[in-house]
Structure formats: structure tokens, C-alpha cells
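**Q** Just need the structure, nothing else, for what follows:
(one chain, ligands or ions: 2)
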Amino acid sequence: MGSNSVRREGDSLMVGLGETPPSTDLFAEDLFADRVVLVTGGGTGIGKAVALAFADHGADVAVVSRNMDHLTPVVEEIESRGGRAYATTVDVREYESVDTMTETVVEEFGGIDVLVNNAGANFLTPTELLTPNGWRAVVGTILDGTAYCTLSVGEHMIENDGGAIVSMGATNSVQGAPYHAHSGAGKAGVHNLMQTVASEWAVHDIRANTIAPGIIETEGVTEAAGGELPEEILQDIPAERFGTPADCVPTVLFLTSPAAAYVTGGYFAVDGGQLLASSPF
Ligand SMILES: CCCCC/C=C/C(=O)SCCNC(=O)CCNC(=O)[C@H](O)C(C)(C)COP(=O)(O)OP(=O)(O)OC[C@H]1O[C@@H](n2cnc3c(N)ncnc32)[C@H](O)[C@@H]1OP(=O)(O)O
Ligand SMILES: NC(=O)C1=CN([C@@H]2O[C@H](COP(=O)(O)OP(=O)(O)OC[C@H]3O[C@@H](n4cnc5c(N)ncnc54)[C@H](OP(=O)(O)O)[C@@H]3O)[C@@H](O)[C@H]2O)C=CC1
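**A** Numbers count the residues shown, from 1 in each chain. Ligands and ions are numbered 1, 2, ... in the order given. Below is the predicted model of the structure:
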């Protein structure tokens, strides 16, 4: 068995920098029983993997995004596994649309305990070619969208028994990098917003954290990168592979579970070591 794989010896699960095991191998089956989880952008990529995993651990799951064609298969998949799921459309860039989403989900499931701000958008462009509309398309989705969902669902959480919020940041928020002006600035704002929310809303029993995926192979990032992910990037990733949506799942589940009761305002890279500096020698 290669060094980059999960090894089981007897009953113990030994994990290095290999494949992330399915969440059902790692967390209790009923970890999120009686909990309601809302995942924005839950019909594709990372959001889809996260939504399915929450359902596998007993949550009622609402998936929302602009396109019902992305959402319906996830609802069907969850229901076919015996779970409860619900989908509604939303454009996270529009506050009214977001507020309607919150009301609809609360009406359907009776509350919202966990919010995963996952809806996102990106493309790579030299800054001098970035138009105001291009900036708005990306920053409007990742920063306004995260803020609107946090404000709307947060109001509900404050009025009820608190909750947990996780937002998808990105490793490009840590320092400026070519072609990421809109995405990097927006994702930096996401982390800063989560820190502020964490500090203000602890009193309401609400925790808020940021997960920063590195490069996770999804159709979305491939499109954002212009059609393919250049293999040369792997030279800067100590894990020597791109991530998968499954790599992001356990961190989301951990941060929104009671295991993270004392964890708030944090920034958690899921990047195979991509943020580590490469050797100058
Ligand atoms: C590579 C490592 C990245 C790590 C960090 C983050 C990663 C991620 O977020 S990954 C995945 C997220 N998923 C996606 O990005 C999905 C695929 N992307 C898109 O759908 C588009 O890029 C979109 C976000 C712009 C689509 O939004 P939409 O509202 O449909 O936008 P429009 O097509 O109407 O365009 C608005 C505006 O943006 C300009 N624009 C769009 N694409 C590009 C591009 N590739 N390069 C330059 N400019 C672009 C477009 O021209 C419009 O501006 P105006 O022409 O001035 O009207
Ligand atoms: N993959 C990667 O390498 C990385 C991803 N991330 C972040 O992780 C998250 C998921 O990315 P990934 O799974 O790769 O990408 P996807 O493109 O698969 O996911 C983005 C999701 O957001 C939804 N969405 C986009 N715009 C809106 C909007 N205005 N309103 C509501 N929903 C919207 C899309 O659904 P629909 O089209 O139906 O609206 C889609 O389901 C994003 O926040 C992304 O920025 C961060 C770093 C790296």
C-alpha cells in the first residue's frame, strides 16, 4: 500500500496525507440528528458533497442556489438514502431573495441550526482587464452573498437557540496573487466578516468559522481557471495532488458539530499544504 493512502490495521484507521475517508467512517451516524442545515450552492461541487454528508449524519438539509436543475438531483439522492431534503432557488446577491429563502426553509423545517455559506464564483483575469461588472459578479456572490445569508439566517439564529456558521473562504485571501483581485479581496472579506460575527454573536451561542479550500477539483474551479487546472500547480502543493470535495467535508462537519463548541472565529485551510512557503533553496 502506497504512502498516500488510508491504511487500516486491525480496527485502527491510520491517516497521513492520503485520501480523506468518507465521513461515515469518521463521525457518528446521528451527529446531526434533529438539526437543520442550509447549504448555499449545495447542488454542485463542494456544496453537494457537504450537503450529502450532513444528510448521512441525520440532518434535514436545505440546498439552495439559482438553478433548480443543480438542486433537484441532490434532494433526490438524499431522499433515496432515507433522509429529508428541500430545495429552493435564491440569488445570494439579492437581499430580498435571501430573506425569502430563509423564511421558506424555516417554514419547511422549523428552523436553521447550521448555515454553510458555500455559493461562490470566480474567474482569473489580469486586474487591468477586470470590469466593474466582473468585479460585482464575483464579489457580489462571495462577499455580499455571504453577508446577506449570514445576516438573514443569523437573525433567525439569534431569535432562537443559536447555531453554527461556516463560510467557504479560499487560500487566495491570505496574500495578493496575480489574477485574483476580485476573488482574493472578496474571500479576505469573508474571513474578516466571520471573525466579527464570531466575536459579536458568541453571546447568542452562535459560532462562525472560515474554511479555506486550496485547489479542489470541481467543474466550477476548472471553469474558473479557464478550462483546465495546470498540472504545474502541483509542484507547489506538498500533498502532490489537487483536493477533492470529499477532502473538505470532515472540516465542515467538525466545525458545525458540538466537537467544535470552543472553536469560533477560526481560519482552517484545507489545501494539502499549499499555503506553506516553498523552499528558497
Ligand atoms: C484557480 C484557483 C482559485 C482559488 C479560489 C477560488 C476558487 C473558486 O471560487 S472556484 C469555483 C467557483 N465557481 C465558479 O466560478 C463557477 C464558474 N464561473 C462562472 O460562472 C463565471 O465566471 C461568472 C462567475 C462570472 C458567472 O457569473 P454571471 O453572473 O453569469 O456573469 P456574466 O457572465 O454575466 O459576467 C459578468 C461580468 O463578468 C465578466 N466575466 C465573466 N467571465 C469572465 C472571464 N473569464 N474573464 C474576464 N471577465 C469575465 C463578464 O464579461 C461580465 O462583465 P462585463 O463584460 O463588463 O459585463
Ligand atoms: N474548488 C476550489 O478549488 C475552491 C473553491 N472555493 C470555494 O468553495 C465554494 C464552492 O466551490 P466549488 O464547489 O468549486 O464551485 P461550484 O461552481 O461547483 O459551486 C458554486 C455554487 O454556487 C452557486 N452559486 C453561484 N452563484 C450564485 C448566486 N448568485 N446565488 C446562489 N448560488 C450561487 C452555484 O449554483 P447555481 O449555478 O445553481 O446558482 C454553485 O452550486 C465556493 O465558495 C468557492 O469560491 C474556494 C477555494 C478553492
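**Q** Would you mind confirming that D113 makes contact with H156?
**A** No. Using C-beta atoms under 8 Å, D113 and H156 do not qualify as a contacting pair, with a distance of 10.0 Å. The way it works is simple: take the backbone N, C-alpha and C, and place the C-beta from them, glycine included.
**Q** Which residue of the two possesses the greater neighbour count?
**A** More neighbours sit around D113 than around the other of D113 and H156, counting by other C-beta atoms under 10 Å; the figures are 22 against 18.
**Q** For the more buried one, which non-adjacent residue is closest in space?
**A** Spatial nearest neighbour of D113, excluding adjacent residues (C-beta to C-beta, 6 or more residues apart in numbering): R35 at 4.5 Å.
**Q** What score does that neighbour have for pLDDT?
**A** The per-residue pLDDT reported for R35 equals 98.
**Q** what's it in contact with, if anything?
**A** G58, A59, D60, D113, V114 (C-beta atoms under 8 Å, 6 or more residues apart in numbering).
**Q** how about 10 Å then?
**A** For R35, the contacting residues are 54, 57-61, 109, 111-114, 163-164, 256-257, by C-beta atoms under 10 Å, 6 or more residues apart in numbering.
**Q** do you know how far G266 is from V92?
**A** Distance of G266 to V92, computed by C-beta to C-beta, to the nearest Å: 23 Å.
**Q** Between the two, which has more neighbouring residues?
**A** Neighbours were tallied for G266 and for V92 using other C-beta under 10 Å; the higher tally belongs to V92 (28 against 17).
**Q** Look up how far ligand 1 lies from the closest residue in space to the more buried one that isn't next to it in sequence.
**A** The shortest distance from V92 to any residue that is not its chain neighbour, by C-beta to C-beta, 6+ apart, is 3.1 Å, and that residue is G145. Distance from G145 to ligand 1, counting by C-beta to the nearest ligand atom, to the nearest Å: 11 Å.
**Q** what about G145, neighbour count?
**A** Applying other C-beta under 10 Å, I find that G145 has 28 neighbouring residues.
**Q** what about it, which helix or strand?
**A** Assignment of secondary structure by DSSP states H and E places G145 within helix 145-159.
**Q** hmm, back to that, shared neighbours, D113 and H156?
**A** L38, G163.
**Q** Where does pLDDT dip in this structure?
**A** Applying pLDDT under 70 to the chain picks out residues 1-15.
**Q** Contact residues of the stretch 51-200 of the chain facing ligand 1?
**A** Within the stretch 51-200 of the chain, the positions lying close to ligand 1 (C-beta under 6 Å from any ligand atom) are 120-123, 125, 131, 133-134, 137-138, 170, 172, 183.
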